[in-house]
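> Have a look at this prediction, sequence included:
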Amino acid sequence: MRMANKSTATTAEKLATIQQGYTLEGATIELGAAIVDGEIHKEAQVRLPLAMMNRHGLVAGATGTGKTVTLHMIAEQLSTAGVPVFLADIKGDLSGLATPATGSEKLTARTSALGQDWQAKNFPVEFLSLGGDGNGIPVRATITSFGPILLSRIMDLNDTQESSLQLIFHFADKNNLELIDLKDLRAVIQFLTSDEGKAELANLGGLSKATAGVILRELVGLEAQGMEKFFGEPEFDTAELLRTAPDGRGVISCLELPTLQTKPLLFSTFLMWLLADLFEDLPEAGDLDKPKLVFFLDEAHLLFNGASKAFLEAITTTVRLIRSKGVGIFFVTQTPKDVPADVLGQLANRVQHALRAFTPEDAKALKATVSTFPVSDYDLEETLTSAGIGEAVITVMNEKGAPTPVALTRLRAPESVMGPSADDLIKSTVAASSLLVKYGTAVDNLSAYEKLNSQAAVSTGDAAPGLPPVPASSSGGSGAPGSSGVSQTDIDAEARRIEEEILGRPSSRPSSTQSFPAPAPAPVPQDGMFGDIAGALGGALGGGLKSMVRSMGTQLGRDLMRGVFGTSSRRRR
């Protein structure tokens, strides 16, 4: 797209264009009043169709221009419409959603000028915290569910090490070694690098002892940083994000992130796990009158910085396909260039706050941002550098799937506190939550660590409700099948087969003249959404998951199918 020359249309003509473009039939999110030729016009309301919220969006702008207040205001209206919302509360300001705001003359003057009928309100908020790090219901994931790709990102592994970690997960999956927490994964790696497990390590043809040792050191480093609290049971069920309050309003799940600055990769990767888990669990929904959930990904640049090609491909696939399951994703960041082009192209709703042009890099980002907007009556370079706090340039997708006219907008004011709620309110809300009983106490069930060390599970608290009993390992004290009585030829053939299946490439192991070829995989249809997912899986896991899809008839395929990010929905809930 290109920027239009300065418009020669009259103020009345510009207003008519905006009014016509934002006259919508269904339920909407009211964003604010248009500013035309320097004046606010409350007769020209700018709004976003509720049914188009699952077409995703972008809230961007320089620091201090009002992005957080914007998503605060949108979240309030989504909740009122009965739509659950997920927010990552990085600065602690969003907890104010639970507290009614206090009116003032200045506030009344602002809202009256916008045509906003403002009333102080509070909203149903569920406070969450990663692993109990902060005030909130603990959100944990099991290592098995989290998967090798997301874990590799947290551990900052290279491509070779990531492929090796996938082999370790494959070994654990195949041998019913449940990876619940970091000590389970450490136990599996220690077993494979020990004298007792060297035969199993040899069977994993793509995994060297040296690489396993590197992964083990990185794992110990995570534990030293205190990250073990984020992994374990009871695992958080992402269906909890889809709840409504007794009065019908959508519950706003607010994830507190007090230590973001010291663990940025953990923050962004955990948010991606939540999304990936929703993607795997939710059924197809088609076009809905309103979304099942709107998910705000704040500080989105953290998600993409330094990400591997496979990780970016998995994100792109998730964003493209999750909208058909009724979930809308809004990326919140400073400039559109923080978001890869393949993802940016899927964000139909744009709320662009002011940008700065202090440096040549800023000026380049400004021009790139302007080029992504439809032709309009505004001089967007001038508008975006002069917009005030609480103002934004907006274009969204209308109910017919076309972009609305670009409108500089004075945004509506939130009706709850624009800042943190009192600590006492947050603590009392958490104490009264129905989720506290379910997730409040960590448990340590029988898993890989106990099996490999021939120990009985030692519980650290009451088991979470509904957890099925864990069957005893059928593989003896080690928890892994032995290889006694098997010829070296058979071991080599099996090692090649595993390497080719998981890594999706010809085996690097030398071939024996007496080795047996692997059985031909059964064909699987690759069309439609299933084909898209299988393609993404192949890219994300080096081709390994395509083989897993083809082997769904095997016991491994029936027991465990890993998702776009190598995540697993097999849980003991």
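Structure received.

> Every contact and neighbour count from this point should use C-alpha atoms.
Fine.

> Beyond the helix or strand encompassing residue 273, next helix or strand please.
Using DSSP states H and E, residue 273 maps to helix 264-281. For helix 264-281, the following helix or strand on the C-terminal side (DSSP H and E) is strand 293-297.

> Tell me which strands that next one pairs with, and in which orientation.
strand 85-89 (parallel), strand 327-333 (parallel) (DSSP bridges).

> What residues sit buried inside the shortest one?
Counting neighbours by 16 or more other CA atoms under 10 Å, one finds that the buried residues in strand 85-89 are 85, 86, 87, 88, 89.

> who's in contact with the third one?
Applying CA atoms under 8 Å, 6 or more residues apart in numbering, one finds that residue 87 lies in contact with 252, 253, 254, 255, 295, 296, 297, 298.

> and what of the first one?
Listed by CA under 8 Å, 6+ apart, the contact partners of residue 85 are 75, 78-79, 241-242, 250-253, 293-296.

> same question, the second one
With contact set as CA under 8 Å, 6+ apart, residue 86 has these partners: 241, 252, 253, 254, 255, 293, 294, 295, 296.

> One more: residue 434?
Applying CA under 8 Å, 6+ apart, we find residue 434 in contact with no residue.

> just so I have it, where are all the helices in the stretch 151-300 of the chain?
159-174, 182-192, 198-203, 209-224, 264-281 (DSSP state H, counting those that start in this stretch).

> Any idea which of these gets closest to residue 414?
Nearest to residue 414, of all the helices of the stretch 151-300 of the chain, is helix 264-281, at 25.0 Å by CA to CA.

> on contacts alone, who are the packing partners of that closest one?
Packing contacts for helix 264-281, counted by 3 or more CA pairs under 8 Å, 6 or more residues apart in numbering; DSSP states H and E, involve helix 148-155, helix 301-304, helix 309-322.

> and it, how far out from the chain's middle?
Centre-to-centre, helix 264-281 and its host chain are 3 Å apart (CA atoms, centre = their mean, to the nearest Å).

> same check, this time on stretch 411-429
Computed by CA atoms, centre = their mean, the separation of stretch 411-429 from the middle of its chain amounts to 24 Å.

> ok, now stretch 106-124?
Averaging C-alpha positions (CA atoms, centre = their mean) puts stretch 106-124 32 Å from its chain's average.

> swap in stretch 312-324?
Worked out by CA atoms, centre = their mean, stretch 312-324 lies 10 Å from the chain centre.

> again, but for stretch 21-40
30 Å.

> quick one: terminal-to-terminal distance for that stretch?
17 Å (CA to CA, to the nearest Å).

> Can you mark which positions in it are buried?
Within stretch 21-40, the residues scored as buried using 16+ other CA under 10 Å are 21, 22, 28, 29, 30, 31, 32, 33, 34, 35, 36, 40.

> Mind putting the helices of the stretch 151-300 of the chain into TSV with mean pLDDT?
Shown next, in TSV, are the helices of the stretch 151-300 of the chain (pLDDT from 0 to 100):
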stretch	mean pLDDT
helix 159-174	90
helix 182-192	93
helix 198-203	85
helix 209-224	88
helix 264-281	86
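
> who wins for proximity to residue 129 among these?
Going by CA to CA, the one of the helices of the stretch 151-300 of the chain nearest residue 129 is helix 264-281, 10.7 Å.

> Would you agree residue 53 is in contact with residue 290?
Yes - with contact defined as CA atoms under 8 Å, residue 53 counts as touching residue 290 (7.4 Å).
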